[in-house]
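J.: Could you work out the structure for the sequence below:
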Amino acid sequence: MTVSTTIIKNSHNGNGSTTTFAYQFKILQDSDLQVIIRSSNGTETTKSLSTHYTVTGAGGNSGTVVFTSGNIPVNGETVVIRRNVPQTQVIDYIANDPFPAETHEEGLDRGTLVAQQISEEADRSIKLSRTNTMASTEFTVGATDRANKILSFDSAGELAVASELGSFKGNWSASTSYAVRDMVKDTSTNNIFMANTAHTSSGSQPLTSNTDAAKWDLLVDAASATTASSTATTQAGIATTKAGEAATSAATATTQANTATTQAGIATTKAGEAATSATGAENAKNAAEAALDTFDDKFLGSKSSDPTVDNDGNALTDGALYFNTTLNVMKVYDLGNTSWKQLVPTTSQQANIDTVAANNTNITTVAGQISPTNNISSVASNATNIGLVGGSITNVNLVGGSIGNVNEVGNNMGSVNEFGERYRVASSAPTTSLNEGDLYFDTTADELKVYKSSGWSAAGSTINGTSARFNYVATANQTTFTGADAVGNTLAYDAGFVDVYLNGSKLLNGTDVTVTSGSSVVLASGATAGDIIDIVGFGTFNVAAINAANINSGTLAVARGGTGISSLSGNAGKALLVNANANGYTLANASSAEVYGFSKNNNGELIVTTTNQGADNISSSTFATFDDVLFSASGFTFSIDTNGDLIATI
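T.: Numbers count the residues shown, from 1 in each chain. Presented below is the predicted three-dimensional model:
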């Protein structure tokens with residue numbers, strides 16, 4: 001296969017969901033790919049075949065890289081797929097063997113693929129142009145001497161390692177990315193610094209106390225020089241000024257000494273007066289603060305709910321007040337009952353008070369029904385019954401309108417009660433007041449049942465058909481089996497008309513198992529977990545005994561199993577056949593076996609000799625002359641067509 005493209009690398013963007021990424025170049029095997037994930041900050045991670053991804057398309061000109069679960073590239077990640085064919089030669093020609101064209105072509109392809117890889121790496125390197133020259137691209141400076149240096153060019157344009165300063169970035173500023181050897185000016189001190197560590201700046205000036213101070217080296221200490229120069233100039237001026245001031249101060253000192261003596265006496269007097277005033281002011285302040293605190297502890301101000309302590313956090317005192325903003329009323333604290341009392345009613349409470357006042361007559365009337373005879377209590381004790389009657393007043397009125405019928409029922413209550421005992425509706429079989437002939441409708445099985453000497457049985461068969469089967473898988477010590485079986489069929493049977501099998505062995509009704517309820521079977525002994533319980537219920541019905549001799553007239557229709565033939569007279573030897581309309585029977589002659597003997601006369605004509613439906617006999621001598629014999633039903637006619645073929649027509 002040829003190598004038709006120079007592409008050896010494809011890049012794709014991850015999104016957190018895409019798992020399959022294509023490559024558009026040739027590889028010889030899965031391991032010839034290198035898959036690299038590049039993060040948004042430039043970090044590169046080489047992934048492992050099988051662990052992080054699988055490869056398709058090896059041997060072809062394209063294919064895919066499929067990332068495994070948990071290793072899918074996310075947003076911000078770049079998937080780089082590049083060819084990485086080993087730079088080895090693995091082909092070995094055997095002398096005198098046929099020329100291995102495919103193997104040879106693979107070797108040529110491998111060499112081309114490796115050359116493309118080397119070319120791609122060379123294209124990413126720093127190199128001289130085709131027309132440029134340099135004596136040597138080598139340098140001999142060791143790692144220790146190269147540390148913290150830069151690669152530069154000397155005066156002859158050759159490579160050299162030097163300690164050149166970096167770029168000047170102007171005034172320092174926060175949130176700026178600085179590289180190693182970048183230089184900045186600290187505007188607060190005018191000092192010049194050079195970065196010794198790449199970083200993004202933070203904090204504020206001066207850099208000597210900045211959180212990143214260790215990442216800067218001081219190059220020019222302008223602050224110290226400026227300070228020293230300014231200090232020298234200032235001190236020289238001060239010295240001159242102080243010399244003049246010293247002479248003036250000497251003359252003034254004498255005058256000020258006399259004045260100071262006089263003012264000292266005045267100051268002493270005023271100091272005493274000030275002390276007296278200060279004491280009075282302090283006492284007045286303390287009295288005002290005490291009065292305010294007392295008032296603050298008594299009137300607690302506006303609050304949305306009852307407070308539990310005063311405004312100082314102390315226990316509440318008797319008579320404390322506050323305004324409740326929720327109810328818009330004043331409240332006073334009752335220390336004896338430790339509760340807040342409302343001073344005036346709320347708007348709604350006042351409305352209720354007014355309502356009570358307006359209904360004073362009715363209230364008095366109600367009070368008269370309490371004493372001396374408590375009629376209200378009597379009514380209250382029967383409130384439930386009164387509520388029931390009120391809720392069913394329509395029914396009460398209907399009963400009142402049919403009072404004649406009600407009286408009729410009352411006069412025949414014995415019959416009504418007897419009917420109630422004879423017919424009942426329930427979800428399970430009644431167990432009391434049982435008499436043979438009692439009826440009840442089973443709402444669970446949805447059928448009518450009658451009570452017999454053997455127990456309750458369906459008035460009609462519980463089983464739809466002649467039998468029904470139910471299958472249960474027992475739990476440990478289970479005795480009762482009822483409800484839905486293993487396939488969802490609900491157990492129901494006629495009492496006594498059922499067989500129960502335990503693991504294929506039939507149980508004896510009444511001894512090993514109780515089968516009287518019609519909806520459950522109860523084992524005498526608990527089953528073992530996993531035992532199979534099979535239950536077969538039989539339909540109960542009676543067929544009237546009819547003497548066939550009693551059917552002595554009419555013709556039994558075909559639909560009822562008859563033939564539809566009213567008479568057999570004159571039809572001896574005939575057979576019963578379905579008529580041409582296929583809706584009944586008819587009598588016809590039965591086909592008998594026919595003998596057909598075939599021979600040719602002197603003219604070559606076909607001669608057919610038959611027994612004529614048994615009417616004729618064929619002698620043994622005649623039978624011996626037949627060229628061929630056919631035994632078949634009667635009614636065939638034979639001839640020979642123009643091709644000499646025998647034609648049979650019926």
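J.: How about the secondary structure of Asn385?
T.: Three-state call for Asn385 (DSSP: H, G, I helix; E, B strand; the rest coil): helix.
J.: From Thr56, how far out is it?
T.: 86 Å (CB to CB, to the nearest Å). Bear in mind the C-beta positions are built from the backbone N, C-alpha and C, glycine included.
J.: Touching, Val498 and Gly537? I think so.
T.: Yes. If you go by CB atoms under 8 Å, Val498 and Gly537 touch, sitting 4.6 Å apart.
J.: Quick one: the helices in this structure, in order.
T.: Under the criterion DSSP state H, helices of the chain are mapped to 101-123, 143-146, 222-298, 347-358, 360-368, 375-381, 383-391, 393-401, 403-411, 413-422, 620-625.
J.: Just give me the lowest mean pLDDT stretch among those helices.
T.: Lowest mean pLDDT within the helices of the chain: helix 222-298, a mean of 60.
J.: Not counting residues beside it along the chain, what's closest to Val141?
T.: Counting by CB to CB, 6 or more residues apart in numbering, Val141 lies nearest to Val161, which is 4.5 Å off, once chain neighbours are set aside.
J.: List the residues that contact that neighbour.
T.: Phe139, Val141, Asp145, Arg146, Lys149, Ile150, Leu151, Ser152 (CB atoms under 8 Å, 6 or more residues apart in numbering).
J.: need those residues in TSV with distance to Ile607 and neighbour count, can you?
T.: TSV is the format used below for those (distance: CB to CB, whole Å; neighbours: other CB atoms under 10 Å):
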residue	distance to Ile607	neighbour count
Phe139	129	12
Val141	132	13
Asp145	135	10
Arg146	130	12
Lys149	133	13
Ile150	132	14
Leu151	128	13
Ser152	133	12
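J.: Mind putting these into CSV with distance to His12?
T.: CSV is the format used below for the contacts of Val161 (distance: CB to CB, whole Å):
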residue, distance to His12
Phe139, 39
Val141, 42
Asp145, 43
Arg146, 38
Lys149, 39
Ile150, 37
Leu151, 35
Ser152, 39
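J.: which of these lies closest to Ser204?
T.: Ile150 (30.4 Å; CB to CB).
J.: hang on, that closest one packs against Ala179?
T.: No. If you go by CB under 8 Å, Ile150 and Ala179 don't touch, sitting 11.5 Å apart.
J.: re the thing from before, mind checking how far the residue nearest to Val141 is from Ala135?
T.: Using CB to CB, Val161 is found at 16 Å from Ala135.
J.: Select the helix or strand of this structure having the lowest average pLDDT value.
T.: helix 222-298 (a mean of 60; mean pLDDT, DSSP states H and E).
J.: do you know how far the residue nearest to Ala484 when sequence neighbours are not counted is from Ala624?
T.: Nearest non-adjacent residue to Ala484, counting by CB to CB, 6+ apart: Thr490, 5.5 Å away. From Thr490 over to Ala624 the distance is 79 Å, taken as CB to CB.
J.: So if I had to pick from those two, which one is more boxed in?
T.: The neighbour comparison of Thr490 against Ala624 (other CB atoms under 10 Å) goes to Thr490, with 12 against 8.
J.: partners of Leu159 in the sheet?
T.: Leu159 has these beta-bridge partners by DSSP bridges: Phe153.
J.: per-residue confidence for it?
T.: 80.
J.: my read: it touches Ala135, true?
T.: No. Leu159 is beyond contact range of Ala135, at 9.3 Å (criterion: CB under 8 Å).
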